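this is the structure alone, sequence omitted:
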């Protein structure tokens with residue numbers, strides 16, 4: 001989750017399915033449903049934040065369509 005200056009204010013890194021289905025175990029064409037929760041830090045100012053996702057290939061970020069290493073999912077609003 002990024003603030004208006006594109007600084008990371010919250011994140012979660014994990015293998016899919018709570019570390020039970022690493023991408024190295026996937027079969028070609030298999031679809032994995034995965035839900036992620038992100039803990040919002042106490043005292044985070046109210047406002048609009050951007051959700052961004054990325055995937056890794058080993059220790060490097062994977063690219064999407066050969067163009068970017070992340071996807072923007074949209075905005076979330078933090079309220080008191």
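Arrived safely. What you are looking at is a predicted structure, and each value in this text was computed from that prediction instead of being measured.

any idea how far the helix or strand of the chain with the lowest mean pLDDT is from the chain center?
Least confident helix or strand, the chain: strand 56-57 with a mean of 77, by mean pLDDT, DSSP states H and E. Offset of strand 56-57 from its chain centre (CA atoms, centre = their mean, to the nearest Å): 13 Å.

list of residues touching it?
residue 62 (CB atoms under 8 Å, 6 or more residues apart in numbering). To be clear about C-beta, it is placed using only N, CA and C from the backbone, and glycine gets the same treatment.

next SSE after it?
Sequence-wise, the next helix or strand downstream of strand 56-57 (DSSP states H and E) is strand 60-61.

for the most centrally placed residue in the chain, give me its contacts.
Nearest to the mean C-alpha position of the chain, by CA atoms, centre = their mean, lies residue 53 at 3.2 Å. The contact partners of residue 53, taken as CB under 8 Å, 6+ apart, are 70-71, 73.
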